[in-house]
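**Q** Provided below for reference: sequence and predicted model.
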Amino acid sequence: MPLFNVMKKSFLLPGHIIIFQLLFILQACNEKNTAPSKEDIQAINLKRGPVILCGRNDTQFGSVDFQFSGEQKIKEDFNLAIKMLHSFEYDEAEKVFAKIIDEDPQCAMAYWGVAMSNFHPLWTPPSEVELNKGAKALEIGQSIKSKSQRETDYINALSSYYYNWQKVDHRSRCLNFESAMKNLSAKYKDDKEAAIFYALALNAAADPTDKTFARQKKQVLF
């Protein structure tokens, strides 16, 4: 309802009801205005530039169909970035996620992708710069309201690794991520990507001194 019409009708209402209506309108406007600021995006310090592939895109990677909110062109780029994550091409994956953010700043899962690109679970622990970048990206992703419950769950699961990174050690945060991905995979049983990232989390949280390889041998259903 236009604000003028509300104010015109408000002359017939008690004062406290008028105030309530105006506050309701302002809250509704704020909820719709969920686009991150350019300053917040710039603060992430995203990697950008040409994506460097070792071979042809149509033969180098397998197939991925990651379901999320977004236009078809963005989905194609997103699936390419997920393929790169699976191939440990983290820098190139971040470039693609950055391209998506430039095209659609409200694509919450693109910020998840940036954070995932800087986690690289099977490599050495992220640097302070990478942890700061991932945490900032996830903070923006969490602030965007136009996302599904599944997307929210993905972002929250990864946030369990980045949360309080300044004080909590790497392996403890890996264990948090493993637990969160276990729950996410169980919740979305038909989501192959959830199972894949859960399997990755199991490897990331594995104790290097455990020669029984208990975590690595856990069964993950696809």
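**A** That came through fine. Residues are numbered from 1 along each chain as shown.
**Q** Find the residue closest to residue 193 in space, skipping its chain neighbours.
**A** The shortest distance from residue 193 to any non-neighbouring residue, by C-beta to C-beta, 6 or more residues apart in numbering, is to residue 66 (5.4 Å). From N, CA and C alone the C-beta is placed, and that goes for glycine too.
**Q** can you pull the contacts of that neighbour?
**A** 75, 78, 79, 82, 193 (C-beta atoms under 8 Å, 6 or more residues apart in numbering).
**Q** Next: residue 157.
**A** 177, 180, 181, 183, 184.
**Q** ok, now with 7 Å
**A** Contact analysis of residue 157 by C-beta atoms under 7 Å, 6 or more residues apart in numbering lists 177, 180, 181, 184.
**Q** Any chance of CSV for these, columns pLDDT and distance to residue 42?
**A** Formatted as CSV, the contacts of residue 157 follow (pLDDT from 0 to 100; distance: C-beta to C-beta, whole Å):
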residue, pLDDT, distance to residue 42
177, 97, 27
180, 97, 29
181, 96, 30
184, 97, 30
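**Q** Please flag which of these sit within strands.
**A** Per DSSP state E, strands hold no members of the contacts of residue 157.
**Q** Out of these, flag the one nearest to residue 107.
**A** Taking C-beta to C-beta as the measure, residue 107 lies nearest residue 184 of the contacts of residue 157, at 19.3 Å.
**Q** There's contact between that closest one and residue 194 in this structure, I believe.
**A** Yes: using C-beta atoms under 7 Å, residue 184 is in contact with residue 194, at 5.2 Å.
**Q** Using the three-state scheme, assign the residue nearest to residue 193.
**A** With DSSP: H, G, I helix; E, B strand; the rest coil as the basis, the three-state label of residue 66 is coil.
**Q** What of the one 3 residues further on?
**A** Classification of residue 69 by three-state DSSP places it in coil.
**Q** Could you measure from it over to residue 35?
**A** Between residue 69 and residue 35 the distance is 14 Å, computed by C-beta to C-beta, to the nearest Å.
**Q** These two - which one has more neighbours?
**A** residue 69 (17 against 14; other C-beta atoms under 10 Å).
**Q** mind checking how far the more buried one is from residue 143?
**A** 15 Å.
**Q** low-scoring stretches of the protein, by residue?
**A** Counting by pLDDT under 70, the chain has low-confidence residues at 1-34, 54-61, 206-222.
**Q** All the helices of it, residue numbers only.
**A** Secondary structure of the chain (DSSP state H): helices at 3-10, 15-32, 38-44, 57-60, 72-86, 90-103, 108-119, 128-143, 149-162, 170-187, 192-205.
**Q** out of those, deepest packed?
**A** Comparing those by mean neighbour count (mean count of other C-beta atoms under 10 Å), helix 108-119 ranks first with a mean of 27.
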